[in-house]
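> I'll drop the sequence and a predicted model, then ask my questions.
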Amino acid sequence: MGNTCDLLYDGVFMLNTLSLRTKLIGLVTIILVAGFAATNILNYEVSKGALRTTILENELPLSSNNVYSAIQADLLRPIFISSLMANDTFVQDWVLEGELEPQRMVRYLARIRKRYDATTSYFISAKSLRYYHYGGIGKVLSETAEDDRWFFAARAMKEPYDVNVDFNYQIDNSITIFINYRVTDGNNNFLGVTGMGLALDSVAKLVRTYQDQFRRNVYFVDPTGLIRVHANPKIAGQINIRDMVGLGDIAGTVLSKERGSYAYETNDDKILLTTRYIPELKWRVFIELPESQALAHIQRGFVRSLMIGPAVILVTIFLIIYTINIFQRRLERMAVTDKLTGLSNRQHFDLSLSQAIKRYQRDGREFSVLMLDIDYFKAINDEYGHLAGDAAIQQAARIIQEHSRESDLLCRWGGEEFMILAADCNAQDAARLADAIREAFRRTTFFADTPTNKVTISAGISEVRTSDNEDIIVSRADTALYKAKENGRDRTEIA
């Protein structure tokens, strides 16, 4: 098959298919990119929503439950000890006897503090308003003193005890709990207040754990909204949640419910919040987590996916282009190739002949057309069958191909007919080519069972002329072939 004609036809075919292929690849690329982006964004949003729900409904409430459980565990012991002190007959009798020998009370409080490893232990007399503690006798309380109002509030309260929690910034930021227990006689007369202070070590540990390890912000808020306990000493007792950006908008709702999960916007982040009311303290524990921290690993995964995605898309597009090119070459070959013989088909020959005529009209490059036909082919089919006939056509194609030039375009014209487009070849040269092919036919055994039955071929030749078009030159070659048949077959005629 001639390289010149192949390249010529392939170029025309490529021009016809390049636009379609480019559009197809472009469309596939757009679909892949859009699908990848949409899938990743959708997955990110779904994951973000699911994680936010999990944090608000599970993780943060679990954290608040842990804090609450720790507070309850730490409260049981000081409340129990303070109750024992308030109901101790020594304390009651000592007060009723007139608070004689004050050092007896001091020693008693010291023993209590040491035995139970308390931060402090104390007793305030309702009669003398003296403040006794494990280290000695303190001041006398005054109803007008701001620092002493807690005692007079305890005197008026109906509950047997009051819990006061403070944040000790001098001792490792530990939370300290004070139990103020009312002391009464057998007639329920108010004798004073006794109590003790203990460090809420487990709560402090939880606060540090959540803040340092899990990056949760833990603080306690009283019913008015004032932050009473916070890791930052500049915030505790100084800031009300009603005045905070974002949180202030939902403060009323938060303080009206015993527990809940919320989300609010600050200037630079979205905060996930869960709250729980602690009746023992009459405060609410607030546990917060910035959404940006919660979603950090999802965002990193999203970014990694965006980085990997283009590479995957490029590989996919490359494979698509590679596959398309393979199938395109196959389709091109199928479009120009005769399936039975592997030679060019008539469509390819027609296009190549048209281009050869134009080239001849442009620069005078001559060529010839050879039309060849297997003699008595119908008899071959009748005697040996159609499968043998097909085999004979395939053998004929091989012979023609073996004895043609590299620059010649070979074509199965139809049935048992073949065409050769011989570039740079006049009629006499074409005749010598046809004769060589006919000689090769005569030397070839087509049927092994009947080697004496030879297959011959006839040829008609037409050299291009100035006024030729495709139909004219083919018609002349056909006329020459018909003449060869009439003159006895197995011969070459020139039109």
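That came in fine, so what should we check first?
> Look up which helix or strand Lys483 falls in, please.
helix 470-486 (DSSP states H and E).
> If you count neighbours, what's buried in that helix?
Judged by neighbour count (16 or more other Cβ atoms under 10 Å), helix 470-486 contains these buried residues: Ile473, Val474, Arg476, Ala477, Asp478, Ala480, Leu481, Tyr482, Lys483, Ala484, Lys485. All C-beta spots, glycine's among them, are computed from the backbone N, C-alpha and C.
> residue contacts, the fourth one?
Ala477 sits next to Val369, Leu370, Met371, Met419, Gly460, Ile461, Ser462, Ala495 when contact means Cβ atoms under 8 Å, 6 or more residues apart in numbering.
> Against Thr337, how distant is it?
Per Cβ to Cβ, to the nearest Å, Ala477 is found 22 Å from Thr337.
> and if you look at the third one?
Distance, Arg476 to Thr337, using Cβ to Cβ: 26 Å.
> Check the second one too.
Distance of Val474 to Thr337, given as Cβ to Cβ: 20 Å.
> Where do the strands of the stretch 101-250 of the chain begin and end?
With DSSP state E, counting those that start in this stretch as the criterion, the stretch 101-250 of the chain has strands at 120-125, 130-133, 136-140, 161-168, 174-184, 190-199, 217-221, 227-229.
> Go through the ones you listed and name the closest to Gly389.
strand 217-221 (91.5 Å; Cβ to Cβ).
> Which strands or helices does that closest one pack on?
helix 201-212, strand 227-229, strand 283-290 (3 or more Cβ pairs under 8 Å, 6 or more residues apart in numbering; DSSP states H and E).
> now with 6 Å?
Counting contacts by 3 or more Cβ pairs under 6 Å, 6 or more residues apart in numbering; DSSP states H and E, strand 217-221 packs against strand 227-229, strand 283-290.
> could those strands go into a markdown table alongside mean pLDDT?
Shown next, in a markdown table, are the helices and strands packed on strand 217-221 (pLDDT from 0 to 100):
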| stretch | mean pLDDT |
| --- | --- |
| strand 227-229 | 82 |
| strand 283-290 | 89 |
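> deepest of those, which one?
Among the helices and strands packed on strand 217-221, ranked by average contacts under mean count of other Cβ atoms under 10 Å, first place goes to strand 283-290 (a mean of 22).
> Now restrict the contacts of Ala477 to buried residues only.
Val369, Leu370, Met371, Met419, Gly460, Ile461, Ser462, Ala495.
> The contacts of Ala477: which two are farthest apart?
The largest separation in the contacts of Ala477, counting by Cβ to Cβ, is between Met419 and Ala495 at 13.9 Å.
> So which residues of the protein form helices?
Secondary structure of the chain (DSSP state H): helices at 3-54, 60-86, 89-96, 102-115, 149-156, 201-212, 247-255, 291-294, 296-336, 346-363, 377-384, 386-402, 427-443, 470-486.
> For those, could you give me a markdown table that also reports distance to Thr274 and mean pLDDT?
Output for the helices of the chain, formatted as a markdown table (distance: least, Cβ to Cβ, whole Å; pLDDT from 0 to 100):
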| stretch | distance to Thr274 | mean pLDDT |
| --- | --- | --- |
| helix 3-54 | 12 | 70 |
| helix 60-86 | 4 | 82 |
| helix 89-96 | 42 | 94 |
| helix 102-115 | 37 | 94 |
| helix 149-156 | 30 | 88 |
| helix 201-212 | 12 | 68 |
| helix 247-255 | 10 | 94 |
| helix 291-294 | 13 | 81 |
| helix 296-336 | 19 | 78 |
| helix 346-363 | 76 | 92 |
| helix 377-384 | 91 | 92 |
| helix 386-402 | 83 | 94 |
| helix 427-443 | 94 | 95 |
| helix 470-486 | 86 | 95 |
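> So which of those is nearest Thr452?
Closest among the helices of the chain, once you apply Cβ to Cβ, is helix 427-443, at 12.0 Å.
> between the closest one and helix 386-402, how big is the angle?
130 degrees (axes from the mean of the first three to the mean of the last three Cα atoms, to 10 degrees).
> Output helix 427-443 in PDB with nothing but the alpha carbons.
In PDB, the C-alpha atoms belonging to helix 427-443 read as follows (Å, rounded to 0.1, in the frame of the first residue of the first chain):
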ATOM      1  CA  ALA A 427       1.200   3.000 -19.400                       C
ATOM      2  CA  GLN A 428       4.200   0.900 -20.600                       C
ATOM      3  CA  ASP A 429       5.700   0.700 -17.000                       C
ATOM      4  CA  ALA A 430       2.200  -0.200 -15.700                       C
ATOM      5  CA  ALA A 431       2.000  -3.000 -18.400                       C
ATOM      6  CA  ARG A 432       5.300  -4.500 -17.200                       C
ATOM      7  CA  LEU A 433       4.000  -4.400 -13.600                       C
ATOM      8  CA  ALA A 434       0.800  -6.200 -14.800                       C
ATOM      9  CA  ASP A 435       2.800  -8.800 -16.700                       C
ATOM     10  CA  ALA A 436       4.900  -9.500 -13.600                       C
ATOM     11  CA  ILE A 437       1.800 -10.000 -11.600                       C
ATOM     12  CA  ARG A 438       0.300 -12.300 -14.200                       C
ATOM     13  CA  GLU A 439       3.400 -14.400 -14.300                       C
ATOM     14  CA  ALA A 440       3.400 -14.800 -10.600                       C
ATOM     15  CA  PHE A 441      -0.200 -16.000 -10.800                       C
ATOM     16  CA  ARG A 442       0.800 -18.700 -13.200                       C
ATOM     17  CA  ARG A 443       3.600 -19.900 -11.000                       C
END
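> quick one on the thing from earlier: output the helices and strands packed on strand 217-221 in CSV, with distance to Ile393 appended to each entry.
Listed next are the helices and strands packed on strand 217-221 as CSV, based on distance: least, Cβ to Cβ, whole Å:
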stretch, distance to Ile393
strand 227-229, 98
strand 283-290, 81
